[in-house]
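1. Here you go, sequence then predicted model.
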Amino acid sequence: MCGIAGQYCLDGKEPDLKLLSVMSERLAHRGPDGKGIHTSGPVALAHRRLAIIDLSEEGLQPMTSEDGTMWLVFNGEIYNFVELREELIEKGHRFHSKSDTEVILHAYEEWGHECLNRFNGMWAFALWDDSRQELFCARDRFGIKPFYYAQTGDSFLFASEIKALLAHPDVGTKPDDATLGSYLAWGVLDHSERTMFNGILQLRPAYAMVVTKDGTQLPFRYWDVSVNAEIDEFGMWLHLGGSYWQRVSVDAVIVVAALFGLVAFARTLKRFERHHFWLFFIVLVVVLGFGAVIYIAGSRLGEMVGQPLRELESASSP
């Protein structure tokens with residue numbers, strides 16, 4: 001979990017760095033491993049980092065492209081970033097880190113807004129394209145990662161949490177009566193882009209939007225669910241299994257296997273004398289080997305079902 005926030009001054013003025021600092025502080029609990037603020041003309045981006053994949057300083061955000069014309073703040077994880085990275089390298093892109101954040105930058109360079117259809121994961125990000133003078137914002141297909149925004153006067157603001165937006169004195173000053181009424185009457189929430197605060201909206205799942213100096217363009221849907229009759233129940237379970245193992249790293253498998261080994265060791269202590277400790281090592285080797293087999297089989301399964309899954313996603317995209 002990371003925290004992102006930003007301001008786009010539509011009138012071309014410089015962003016309020018004091019405001020951005022306050023917004024960033026209100027997201028500090030989302031990212032204890034680092035923080036950063038970058039300004040580029042009328043745009044300022046803030047990030048609170050929870051390091052997961054690339055733990056080095058190369059993964060710090062806001063992150064820029066090679067030529068410095070694009071800046072990105074990103075919250076989430078791209079599960080297939082390794083495959084995308086290899087594909088982009090073949091197309092001539094060069095990487096300076098091992099993070100999935102940089103993959104988003106290069107994917108946008110290569111495919112533009114269509115890069116969203118290439119991603120498998122969960123995300124909320126804002127990408128400033130200086131050459132086009134536009135801010136590209138997107139949220140993952142199922143809305144796992146939050147993205148809230150508001151426009152007041154000549155300023156567009158966004159953040160991972162509403163309380164960061166409330167740092168601006170003119171944002172969220174009144175409740176949204178319609179949303180509040182729906183919640184009190186039927187107990188529904190997050191069924192639309194509106195929130196409990198008047199003027200604060202959320203980018204809906206599977207939606208993206210572009211903000212220019214002329215204002216916020218209408219959010220557009222880049223993905224929708226559709227039923228593929230060619231995939232039977234067994235095929236669907238293969239897709240789910242492949243997606244799961246694509247998310248599991250070898251480190252996680254080793255940790256689980258080691259935990260099984262420790263349990264086996266504890267039981268061995270209860271049943272045998274000290275001179276039988278060697279049995280523990282046999283059990284541990286067997287468990288680790290079993291974990292490795294599961295990981296390899298899962299990886300192969302992910303490769304087998306990965307292509308049909310991409311075809312399914314392509315067929316489902318409008």
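-> In hand now; what should we look at?
2. I'd guessed residue 10 sits against residue 135; true?
-> No - using C-beta atoms under 8 Å as the test, residue 10 is too far from residue 135 to be in contact (10.1 Å). In short, each C-beta sits where N, CA and C put it, glycine included.
3. Between the two, tell me which one has more neighbours.
-> Neighbour tally, residue 10 and residue 135, criterion other C-beta atoms under 10 Å: the higher count belongs to residue 135, 23 against 17.
4. re earlier: give the residues shared as contacts by residue 10 and residue 135.
-> Common contacts of residue 10 and residue 135 (C-beta atoms under 8 Å, 6 or more residues apart in numbering): 156, 211.
5. Can you measure across stretch 139-159, start residue to end residue?
-> End-to-end distance for stretch 139-159: 12 Å, by C-alpha to C-alpha, to the nearest Å.
6. Please disregard the earlier target; I meant stretch 170-189.
-> End-to-end for stretch 170-189, by C-alpha to C-alpha: 24 Å.
7. average pLDDT across that stretch?
-> Mean per-residue pLDDT for stretch 170-189: 92.
8. Can you give me the buried ones in it?
-> Residues of stretch 170-189 classed as buried: 171, 172, 176, 179, 180, 182 (neighbour count, 16 or more other C-beta atoms under 10 Å).
9. outside of that stretch, which residues touch it?
-> Contacting residues not belonging to stretch 170-189 are listed as 150, 152-153, 157, 162, 165-166, 191-192, 194-200 [C-beta under 8 Å, 6+ apart].
10. please redo it, this time with the cut-off set to 7 Å
-> Stretch 170-189 is contacted from outside by 150, 152-153, 157, 162, 165-166, 194-200, using C-beta atoms under 7 Å, 6 or more residues apart in numbering.
11. And those, which is closest to residue 38?
-> Taking C-beta to C-beta as the measure, residue 157 is the one of these closest to residue 38, at 15.9 Å.
12. Name the strands paired with the helix or strand hosting residue 137 and say parallel or antiparallel.
-> If you go by DSSP states H and E, residue 137 is part of strand 134-139. Looking at strand 134-139 with DSSP bridges, its partner strands are strand 121-129 (antiparallel), strand 207-212 (antiparallel).
13. How about residues contacting stretch 88-99?
-> 53, 54, 58, 59, 66, 85, 102, 106, 107, 110.
14. Could I get the average pLDDT for stretch 146-166?
-> pLDDT averaged over stretch 146-166 gives 96.
15. And it, end to end?
-> With C-alpha to C-alpha as the measure, stretch 146-166 spans 16 Å from end to end.
16. List the buried residues of that stretch.
-> By 16+ other C-beta under 10 Å, the buried positions in stretch 146-166 come out as 146-152, 155-162, 164-166.
17. Show me those that map onto helices.
-> Those of the buried residues of stretch 146-166 mapping onto helices are 162, 164, 165, per DSSP state H.
18. ok, the first one to residue 40 distance?
-> The span separating residue 162 from residue 40 equals 25 Å under the rule C-beta to C-beta, to the nearest Å.
19. So of the contacts of stretch 170-189, which two are at opposite extremes in space?
-> Greatest spatial distance among those (C-beta to C-beta): 153 and 196, at 21.9 Å.
20. chain center to stretch 60-74: distance?
-> Centre-to-centre, stretch 60-74 and its host chain are 16 Å apart (C-alpha atoms, centre = their mean, to the nearest Å).
21. Let me know the average pLDDT across it.
-> For stretch 60-74, the mean pLDDT works out to 93.
22. same thing with stretch 206-224?
-> 95.
23. Buried ones in it, by neighbour count?
-> By 16+ other C-beta under 10 Å, the buried positions in stretch 206-224 come out as 206, 207, 208, 209, 210, 211, 216, 219, 222, 223.
24. For the residues you listed, could you give me a markdown table that also reports distance to residue 35?
-> Formatted as a markdown table, the buried residues of stretch 206-224 follow (distance: C-beta to C-beta, whole Å):
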| residue | distance to residue 35 |
| --- | --- |
| 206 | 29 |
| 207 | 27 |
| 208 | 26 |
| 209 | 25 |
| 210 | 27 |
| 211 | 23 |
| 216 | 27 |
| 219 | 28 |
| 222 | 30 |
| 223 | 31 |
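25. Specify which member of those is nearest to residue 114.
-> residue 222 (8.3 Å).
26. Next up, the contacts around that closest one.
-> Contacts of residue 222 were listed using C-beta under 7 Å, 6+ apart, and they are 116, 117, 206, 208, 317.
27. how about these, which pair is most distant?
-> By the measure C-beta to C-beta, 208 and 317 form the most distant pair in the contacts of residue 222, at 12.2 Å.
28. which stretches of the stretch 201-318 of the chain aren't confidently modelled?
-> 228-281, 283-284, 287-288, 291-318 (pLDDT under 70).
29. should've said the stretch 1-150 of the chain
-> Scanning the stretch 1-150 of the chain for pLDDT under 70 picks out 53-54.
30. Tell me which helix or strand residue 71 sits in.
-> Per DSSP H and E, residue 71 falls inside strand 70-78.
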